[in-house]
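K.L.:
pasted the sequence and its predicted model underneath.
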Amino acid sequence: MADFINQEAITKAAALVEAQRYIQQFAGKTVVVKVGGSIMDQPDDLRAVINDICFMASVGMRPIIVHGGGKGITAAMQKAGLEAHFVQGRRYTDERTLAIAEHVLTQDINTEIQTMISDRGLQPMGLHSLSSCAIIAKRLFLDGEGDRKIDIGFVGEVEWVNGELLNALTLSGVIPVIAPIARDKAGGKLNVNADSIAGHVAAATKAEKLVLISDTHGIRTSADADDLARHLTKPQIENLIDTGIITAGMLPKVESSFIALVGGVKKAHIVDGRIQHAALLEVYTDTGIGTEIVL
């Protein structure tokens, strides 16, 4: 009899049993998923991530997607003969850059993600500067020497999130897809960091989880590439920042996680979207696959 047993089928069944209690636990709960990094430039990887998010919706979770697209913006600027300029790691955004960013983020990437969701039989809604805008932002000025402020153009920081709208949409079965081009109170348009938006959205909707999907395995606790932390607290991460272990591209992700956690979100997760079913493995299994962050 054992010769006829399909071991692969048994493994799949065991995975379903393990996932069952998590599916029951998270049914009806909101999860905010930020998608970014190099997977935005790989259609197959992006589709795989969106399919996983659609699975979450199909088993009762209420996902909200926030996406980036920095590399796509840079490529479009180069095609237009424009050179990207960065100030303290932030892209300087003049009117032409803002117009290109808005087109790439809202017309290209956001529409593509919506199509992927529709292909799975679910209902998406794009939220950004060219549609219903759920994010109100204000101009961001960087700190310079002394009391001097540095103007970086049409770059914003989150001032308010329409959590009531987002919760109403997810409750009705819609998957919001948020592009990081927001409006200010006067109706102007601002380019906002997508990680930051995700943290504020998670806090405003009282999400159960914030999942940051990129092209990094998670947070390392030393210079050793294999020294990946599975579970970290906010004080532990602050220590890693102070000692210079966490720098550069990881900083916006941990800052986004802090915004969410302080706002009432129970856990934040940083996972590598290039790993097959990374989001599902992090949410629906005992061991997870990335770094889990709590207060």
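P.N.:
Perfect, thanks for sending it. Residues are numbered from 1 along each chain as shown.
K.L.:
state the next helix or strand along the chain beyond the lowest-mean-pLDDT helix or strand in the chain.
P.N.:
When each helix and strand of the chain is scored by mean pLDDT, DSSP states H and E, helix 7-26 comes last, with a mean of 78. For helix 7-26, the following helix or strand on the C-terminal side (DSSP states H and E) is strand 30-35.
K.L.:
buried set for that following strand?
P.N.:
Residues 30-35 are the ones in strand 30-35 that count as buried (16 or more other C-beta atoms under 10 Å). C-beta: built from backbone N, CA, C; applies to glycine.
K.L.:
nearest to Ala137 among the residues you listed?
P.N.:
Lys34 (16.4 Å; C-beta to C-beta).
K.L.:
could I get the contacting residues of the closest one?
P.N.:
Going by C-beta atoms under 8 Å, 6 or more residues apart in numbering, Lys34 touches 65-68, 194-195, 197-198, 210-213, 256.
K.L.:
once you drop chain neighbours, what's closest to it?
P.N.:
In space, Lys34 comes closest to Ala198 once its chain neighbours are excluded; the distance is 3.6 Å by C-beta to C-beta, 6 or more residues apart in numbering.
K.L.:
which stretch of helix or strand covers the one you found?
P.N.:
Counting by DSSP H and E, Ala198 is part of helix 194-204.
K.L.:
export the buried residues of strand 30-35 as CSV, with columns for distance to Ala15 and pLDDT.
P.N.:
Output for the buried residues of strand 30-35, formatted as CSV (distance: C-beta to C-beta, whole Å; pLDDT from 0 to 100):
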residue, distance to Ala15, pLDDT
Thr30, 24, 97
Val31, 19, 97
Val32, 25, 98
Val33, 21, 98
Lys34, 25, 97
Val35, 23, 96
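K.L.:
any idea which of those residues is the one closest to Lys189?
P.N.:
Using C-beta to C-beta, the buried residues of strand 30-35 come closest to Lys189 at Lys34, 20.5 Å.
K.L.:
beta partners of that closest one?
P.N.:
Beta bridges link Lys34 to Val66, Leu212 when assigned by DSSP bridges.
K.L.:
who touches the one helix or strand Pro63 maps to?
P.N.:
Assigned by DSSP H and E, Pro63 belongs to strand 62-67. With C-beta under 8 Å, 6+ apart as the contact definition, strand 62-67 has outside contacts at 28-36, 40, 50, 53, 56-57, 105, 109-110, 113, 166, 170-171, 175-180, 194, 197-198, 201, 205, 207.
K.L.:
show me the contacts for the nearest residue to Leu142 once chain neighbours are set aside.
P.N.:
In this structure, Leu142 finds its nearest non-sequential neighbour in Ile150, 4.1 Å apart by C-beta to C-beta, 6+ apart. Residues in contact with Ile150 (C-beta under 8 Å, 6+ apart) are 87-88, 141-144.
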